[in-house]
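S.K.: give the three-dimensional model of this entry:
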Amino acid sequence: MLDKADEQIFTGSVRLVHAVGMHARPAVKLTKLAKKFQAQISVRVAGAPEWINAKSVAKIMAMRAAHGSTIEIKASGSDAEAAVATLVDLIASDFPDGAP
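M.R.: The predicted model follows:
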């Protein structure tokens, strides 16, 4: 078992292209997708002091990310790298209807 201190953290950032920013529908899609991963996943608007649990719809909506803002994602755990890549793709592709 890996020691917590040795656990690798994966990060990514993506521009929020959704016309009205991170409102209910994209927030739900993001959290549903995040919950499919074992990794601990956090997000924030670039430059914000606090990281937010990506698996909490209320916290994601409270982030109030505006259209055009940069979303930063970080994750740690067994599937962290895949989690970051998948969430970046979801946001970059504007939360398509086929997404969770």
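S.K.: next, count neighbours for Ala62.
M.R.: Neighbour count for Ala62, taken as other CB atoms under 10 Å: 11. C-beta: built from backbone N, CA, C; applies to glycine.
S.K.: surely Ile73 is within a strand?
M.R.: Yes: with DSSP: H, G, I helix; E, B strand; the rest coil as the criterion, Ile73 is part of a strand.
S.K.: am I right that it is in contact with Ile41?
M.R.: Yes: using CB atoms under 8 Å, Ile73 makes contact with Ile41 at a distance of 6.8 Å.
S.K.: between these two, what contacts are shared?
M.R.: Shared contacts of Ile73 and Ile41, defined by CB atoms under 8 Å, 6 or more residues apart in numbering, comprise 54, 84, 87.
S.K.: now the host helix or strand of Lys59: average pLDDT?
M.R.: Per DSSP states H and E, Lys59 falls inside helix 57-62. Regarding helix 57-62, the rounded mean pLDDT is 96.
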